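Undergrad: Pasting a predicted model and its sequence here:
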Amino acid sequence: MNIWQSRSIITWLLAPFSLLFWLISQLRVWLYRKNFLKSYRSPVPVLVVGNISVGGNGKTPVVIWLVEQLQQQGLKVGVISRGYGGKNKTFPQLVSAESKPELMGDEPVLIAQRTNAPVAISPNRRESIELLLSQFELDLIITDDGLQHYALQRDIEWVVVDGERRFGNGFVMPAGSLRELPSRLKSVQAVICNGGVAKENECLMTLETEQVINLKTGDRKPLSDFIGQEVIALAGIGYPPRFFTMLQKKGIVLNDHFSFADHQPYSLDVIQPILKDGFPLLMTEKDAVKCREFAQENWWYVPVSAKFSEKDTACLVNPILDLVRTNNERKTN
């Protein structure tokens, strides 16, 4: 929301409600710390990839990158998610690459497709963990979002920050976009800056893509094939302008572009009105998982991959390897 990026009369009118939101959230944290509210400790280490602001910061690419990095190190990793946007009412549920995103949520299905890691969904993170551990032998649980889900104890916390929008007007909801104040970053193990300029002690992440994939046929070709060509673009993600700007920086001409709500459910009736004869349709991979069943021949999606420097990769991954090694040694003794 644009009103969250600056301060206006609306900001100050909503400020008392933000103060109330902050007081309630602080009370809740205190109750968990003092064990008045019970929290769950997983038998295997838990790493949370979350944020302190509302949506669109790039958590899912980080989760996919991390799973792939740890798999390369021989670790057995599971992922849990709330399954937001899915219509499923029975929890917990295992998610596979073949699961329907309209039931399980687009992000869990995307993670399962990209990593082949075990994925489970439930609003109750404990249920998801217990389901995964009943079916798989795992070294680590990664939770996609859930930084503020204090009912789940965690060993490592990562926060993803939008490098361009940062913290907006600095207010917590509803006057601003923050769930917690930036001071929360002092207590986490890593702050990941998605694009823009990373500040001191932040790890800079870039989202890179080199190809597009046809939704109907699976054919792949370089994204550069679209340079100078007019396309229609759509994005139903937390911050659609990031996708449109990325295409334009690649030299692709947007004849038109359309922003949809995050986790938007799609059908041919929804997309048909934005199509124009002769123009290819480009969308995000998160959108594509919900459009394959009715995709047309000239629909393409643009997969992105998180990239970190060698130094930042080591700083992020090595503490996890040490944690898992220590936990495994403790179990064998």
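TA: Yep, it's here. Numbers count the residues shown, from 1 in each chain.

Undergrad: Please enumerate residues in contact with stretch 217-227?
TA: Stretch 217-227 has contacts (C-beta atoms under 8 Å, 6 or more residues apart in numbering) with 209-214, 250-252, 280, 282, 297, 302. Using the backbone N, CA and C atoms, a C-beta is placed for each residue, glycine as well.

Undergrad: I misspoke; the intended subject was stretch 282-300.
TA: Applying C-beta under 8 Å, 6+ apart, the set of residues contacting stretch 282-300 is 60, 101-102, 106-107, 109-110, 113, 212-217, 226, 231-237, 243, 247, 252, 260, 264-268, 271, 275, 279-281, 301-304.

Undergrad: Please identify the buried residues of that stretch?
TA: 282-291, 294-295, 298-300 (16 or more other C-beta atoms under 10 Å).

Undergrad: Ok, stretch 317-333 next?
TA: Applying 16+ other C-beta under 10 Å to stretch 317-333 flags Val317, Ile320, Leu321, Leu323, Val324 as buried.

Undergrad: How about stretch 159-170?
TA: Quick answer for stretch 159-170 (16+ other C-beta under 10 Å): Val159, Val160, Val161, Asp162, Gly163, Arg165, Phe167, Gly168.

Undergrad: And the second one, what's its pLDDT?
TA: It refers to Val160. As summarised for this prediction, Val160 has a pLDDT of 97.

Undergrad: Now Tyr32. Nearest residue, chain neighbours left out?
TA: Among residues not flanking Tyr32 along the chain, Tyr150 sits closest, at 4.3 Å (C-beta to C-beta, 6 or more residues apart in numbering).

Undergrad: Check Arg125 too.
TA: Leu152 (4.3 Å).

Undergrad: what's the burial count for that neighbour?
TA: Residues near Leu152, counting by other C-beta atoms under 10 Å, number 20.

Undergrad: Also the one 5 residues further on?
TA: For Glu157, the count of nearby residues is 20 (other C-beta under 10 Å).

Undergrad: partners of it in the sheet?
TA: Under DSSP bridges, the beta-bridge partners of Glu157 are Val48.

Undergrad: That one touches Gly50, doesn't it?
TA: Yes. Here Glu157 reaches Gly50: they are 7.0 Å apart, a contact under C-beta atoms under 8 Å.

Undergrad: Quickly list what's touching both of those two.
TA: Leu147.

Undergrad: list the contacts for the residue nearest to Tyr32?
TA: Tyr150 neighbours (C-beta under 8 Å, 6+ apart): Arg28, Val29, Tyr32, Leu37, Ser39.

Undergrad: From Asp144, how far off is the first one?
TA: Separation of Arg28 from Asp144 (C-beta to C-beta, to the nearest Å) stands at 21 Å.

Undergrad: Give the residue from the two that has the larger number of neighbours.
TA: Asp144 (24 against 15).

Undergrad: Go ahead and confirm that one touches Val79.
TA: Yes. Asp144 lies in contact with Val79 (C-beta under 8 Å); the separation is 6.1 Å.

Undergrad: shared neighbours of those two, which are they?
TA: Between them, Asp144 and Val79 share the contacting residues Val63, Pro108, Ile111, judged by C-beta under 8 Å, 6+ apart.

Undergrad: I figured Phe167 hits Glu180, correct?
TA: No. Using C-beta under 8 Å as the test, Phe167 is too far from Glu180 to be in contact (10.2 Å).

Undergrad: residues shared between the contacts of the two?
TA: Joint contacts of Phe167 and Glu180 (C-beta under 8 Å, 6+ apart) are Ile52.

Undergrad: Give the buried residues for stretch 19-33.
TA: Phe21, Trp22, Ser25.

Undergrad: Could you do stretch 42-54 as well?
TA: Those would be Ser42, Val44, Pro45, Val46, Leu47, Val48, Val49, Gly50, Asn51, Ile52, Ser53, Val54, for stretch 42-54 by 16+ other C-beta under 10 Å.

Undergrad: mind listing what the closest residue to the fifth one other than its chain neighbours touches?
TA: So the one you mean is Leu47. Computed as C-beta to C-beta, 6+ apart, the closest residue to Leu47 that is not its neighbour in sequence is Ile156, at 4.3 Å. Ile156 makes contact with Pro45, Val46, Leu47, Val48, Gln189, Ala190, Pro319, Ile320, Leu323 under the criterion C-beta under 8 Å, 6+ apart.

Undergrad: tell me what the host helix or strand of Leu132 is packed against?
TA: Here Leu132 is covered by helix 125-135, with elements defined by DSSP states H and E. On a contact count with 3 or more C-beta pairs under 8 Å, 6 or more residues apart in numbering; DSSP states H and E, helix 125-135 meets strand 77-81, strand 93-95, strand 119-121, strand 140-144.
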